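Visitor: just coords:
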């Protein structure tokens, strides 16, 4: 063996830096911290504090009172930002998504409640009509066609109402053309110049959203698909165009959704624009990890850490993930 080793005459031996835990930690290039985590939570009306979501193990819908407790948990764990998504009651959904413009809707009431008791937490809200429409689409539907400009006008009103209720970051997820500039103008025109916009700049028409739609109650209402406004999964250059438009229109941050299947897009957008760039580890990604873990195929905790590290390695500044509280606790244990 000595003779073979000498014949190799290796000057560089990368394995030296892998020989022990301390050396691996010393040279590690990418680290996830609690500051990278955004925790999406689902809201529901009623007196029951929490409701389990069968397709998302460990994820709950929270009553308004319980959402306040979740916010307190986030602060205790060091998580900087919550993203709120409502499960709107069926009798409040209509063709035009009118409940989105109700200043006392579920999202707005939760915003006010959390803001009153947990003022130090950041709050981000989704701007789109799909949680409020009877047809499950993100915009107004007319004869099977999504109306762009008419939808944007409603989204602007929705954004202002959420800002009034206490949202720190408006996150338009609708993928309508021109909505970032219109929302920025609406916020500024109503005195909300300090409210940020995180644009869902590259949101793909994906098969990975199913459990999320269960969580917000739109699985059974969605008619058709969203391919006329969400992006085609075969396209990468188009994501650069979308992000460039959103940045020019006033986006403060951009996002890629889904996450893991689109790490190349995360990397390209961060390299191209140098903007704060986020990725959404969506419900299908989360559910798949748990499903494989439940069958003994993988270790859920290890897969959680590895997957979140991949987002950071690709260039993401932060990750929306349902693993946020579990990851925050893991980080506390592995300081």
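Guide: Sure thing, it's come through. As the structure is a computational prediction, the values presented were derived from the model and not from experiment.
Visitor: alpha carbons only for contacts and neighbour counts from here, please
Guide: Noted.
Visitor: Now find how far off-centre stretch 269-289 is within its chain.
Guide: 8 Å (CA atoms, centre = their mean, to the nearest Å).
Visitor: ah, wrong one, I meant stretch 38-55
Guide: For stretch 38-55, the distance to the chain centre is 16 Å (CA atoms, centre = their mean).
Visitor: Go through it and flag the buried ones.
Guide: 38-45, 49-50, 53, 55 (16 or more other CA atoms under 10 Å).
Visitor: Those residues: which two are farthest apart?
Guide: Maximum pairwise distance among these (CA to CA): 22.8 Å, between 38 and 45.
Visitor: shaky segments in the protein?
Guide: 1-7 (pLDDT under 70).
Visitor: Spell out, range by range, the helices that occur in it.
Guide: Using DSSP state H, the helices found in the chain span residues 2-8, 21-27, 64-77, 106-117, 148-165, 179-189, 210-216, 237-249, 263-273, 283-294, 300-314, 324-333.
Visitor: elements contacting the fifth one?
Guide: Right, the one you point to is helix 148-165. Contacts defined by 3 or more CA pairs under 8 Å, 6 or more residues apart in numbering; DSSP states H and E place helix 148-165 against helix 106-117, strand 122-127, strand 140-142, strand 169-172, helix 179-189.
Visitor: And the contacts of the longest one?
Guide: Going back to what we said before, that points to helix 106-117. By CA atoms under 8 Å, 6 or more residues apart in numbering, the list of residues contacting helix 106-117 from outside reads 43-45, 64-65, 67-68, 71, 84-86, 88, 121, 123, 125, 161-162, 165-167.
Visitor: For the closest residue to residue 249 other than its chain neighbours, the count of nearby residues, please.
Guide: Distances taken as CA to CA, 6 or more residues apart in numbering place residue 181 nearest to residue 249, at 4.3 Å, with adjacent residues excluded. Counted with other CA atoms under 10 Å, the neighbours of residue 181 add up to 18.
Visitor: residue contacts, residue 310?
Guide: Counted by CA under 8 Å, 6+ apart, residue 310 has contacts 260, 263.
Visitor: Do I have it right that residue 74 meets residue 68?
Guide: No. Using CA atoms under 8 Å, residue 74 makes no contact with residue 68, being 9.8 Å away.
Visitor: Got the phi and psi for residue 137?
Guide: Note on residue 137: its backbone torsions stand at phi -90, psi 160 [degrees, to the nearest 10].
Visitor: pretty sure it contacts residue 129?
Guide: Yes. Counting by CA under 8 Å, residue 137 does reach residue 129; the two are 6.6 Å apart.
Visitor: The two - which one has more neighbours?
Guide: More crowded of residue 137 and residue 129, by other CA under 10 Å: residue 129, with 29 against 25.
Visitor: Excluding chain neighbours, what is closest to the more buried one?
Guide: That would be residue 138: by CA to CA, 6+ apart, it lies 4.4 Å from residue 129.
Visitor: Relative to residue 314, how far out is the one you found?
Guide: In this view, residue 138 and residue 314 are 29 Å apart by CA to CA, to the nearest Å.
Visitor: So which of those two has more stuff around it?
Guide: Taking neighbours as other CA under 10 Å, residue 138 and residue 314 compare with residue 138 leading, 25 against 20.
Visitor: List the residues that contact the more buried one.
Guide: For residue 138, the contact set (CA under 8 Å, 6+ apart) comprises 128-131, 174.
Visitor: cool, and residue 290?
Guide: Residue 290 sits in contact with 57, 300, where contact means CA under 8 Å, 6+ apart.
Visitor: and the end-to-end length of stretch 46-62?
Guide: Note: stretch 46-62 ends 9 Å apart using CA to CA.
Visitor: my bad, should have said stretch 20-38
Guide: Note: stretch 20-38 ends 32 Å apart using CA to CA.
Visitor: and it, how far from the chain's centre?
Guide: The answer for stretch 20-38 is 22 Å, by CA atoms, centre = their mean.
Visitor: Could you do stretch 120-128 as well?
Guide: On the basis of CA atoms, centre = their mean, stretch 120-128 sits 11 Å off its chain's mean C-alpha point.
Visitor: Equivalent analysis for stretch 298-313, please.
Guide: 16 Å.
Visitor: Just the buried residues of that stretch, please?
Guide: Buried residues in stretch 298-313, defined by neighbour count with 16+ other CA under 10 Å: 300-301, 304-305, 307-313.
Visitor: and what of stretch 22-38?
Guide: Buried, per 16+ other CA under 10 Å, within stretch 22-38: 32-34, 36-38.
Visitor: Now flag whichever of these is closest to residue 211.
Guide: Closest to residue 211, out of all of the buried residues of stretch 22-38 and judged by CA to CA, is residue 38, at 18.3 Å.
Visitor: For the closest one, give me its contacts.
Guide: So residue 38 contacts 79-83, 318-321, 324 (CA under 8 Å, 6+ apart).
Visitor: cutoff 6 Å now
Guide: Residues in contact with residue 38 (CA atoms under 6 Å, 6 or more residues apart in numbering) are 81-82, 319-320.
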